[in-house]
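Q: Below: sequence and its predicted model.
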Amino acid sequence: MNKRHSPRHSPVFVLLFLSRGPNYGGAIIKMMKEEIPSFMGDSPMIYRMLQFLEEEGLVTTRWETPKKGRPVKMYELTTKGWKHLLASEEEMEKRMANHVFFLDELQKAKEYYRRK
C-alpha cells in the first residue's frame with residue numbers, strides 16, 4: 001500500500017492550484033505537499049500530469065526567463081481548464097458523501113464488533 005500512484009483526482013487538484021494564477025511546476029508541487037492533507041503524489045507524477053493537462057488543452061504553457069536563474073515553464077488554466085475544474089465540483093461532492101457514509105457505517109460495524 002505504500003507504492004506511489006496517481007490518485008484519480010490529481011488533475012483536478014493541479015487545476016485547483018492553477019486557479020490561483022499561473023505558476024511553475026516546482027511551486028505547484030510545493031503547494032500540494034504543504035496544503036493537501038494526505039498528498040499521495042510525487043514530482044514526476046505532477047510533471048506527467050501537467051504534460052497531460054497541456055495535451056488535453058486544459059492548461060497552456062510559456063517559458064519565462066527571470067533576470068537571475070534559469071528559465072521556468074509557467075502553466076496557466078485555459079477556458080477549457082476552468083470549465084473542467086468547475087464541472088468537477090459535483091463529482092467531488094458525491095465522492096465526499098460516499099466517504100462520509102463509509103466512515104459512519106464503519107463506526108457502526110466497529111461498535112457491533114466490540115459487542116460480540
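A: Structure's in. What do you need?

Q: C-alpha only now, for contacts and for neighbours.
A: Will do.

Q: Need the pLDDT of G26.
A: pLDDT for G26: 94.

Q: Hmm, I typed the wrong one, I wanted R115.
A: Looking at R115, its pLDDT reads 84.

Q: tell me what the helix or strand in which R62 is found is packed against?
A: Using DSSP states H and E, R62 maps to strand 59-64. Using 3 or more Cα pairs under 8 Å, 6 or more residues apart in numbering; DSSP states H and E, the elements in contact with strand 59-64 are helix 43-55, strand 72-77.

Q: if you set the cut-off to 7 Å instead, what comes out?
A: When contacts are defined as 3 or more Cα pairs under 7 Å, 6 or more residues apart in numbering; DSSP states H and E, strand 59-64 sits against strand 72-77.

Q: buried stuff in the strand it packs on?
A: Residues 72, 75-77 are the ones in strand 72-77 that count as buried (16 or more other Cα atoms under 10 Å).

Q: what pLDDT, on average, does that strand get?
A: Averaging pLDDT along strand 72-77 yields 96.

Q: Which strands border the strand holding R62, and is each parallel or antiparallel?
A: Strand 59-64 pairs in its sheet with strand 72-77 (antiparallel), by DSSP bridges.

Q: picking up where we left off before, in the strand holding R62, which residues are buried?
A: By 16+ other Cα under 10 Å, the buried positions in strand 59-64 come out as 59-61.

Q: Reformat the residues you listed as JSON lines; add pLDDT and distance to A87.
A: Formatted as JSON lines, the buried residues of strand 59-64 follow (pLDDT from 0 to 100; distance: Cα to Cα, whole Å):
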{"residue": "V59", "pLDDT": "98", "distance to A87": "16"}
{"residue": "T60", "pLDDT": "98", "distance to A87": "19"}
{"residue": "T61", "pLDDT": "97", "distance to A87": "22"}
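
Q: ok, the residues you listed vs E89, which is closest?
A: Ranked by distance to E89 (Cα to Cα), the buried residues of strand 59-64 are led by V59 at 18.5 Å.

Q: which residue packs closest to that closest one, ignoring adjacent ones?
A: In space, and not counting its chain neighbours, V59 is closest to L77: 4.4 Å by Cα to Cα, 6 or more residues apart in numbering.

Q: Please name the residues that touch the one you found.
A: Taking Cα atoms under 7 Å, 6 or more residues apart in numbering, we find L77 in contact with 15, 18-19, 58-60.
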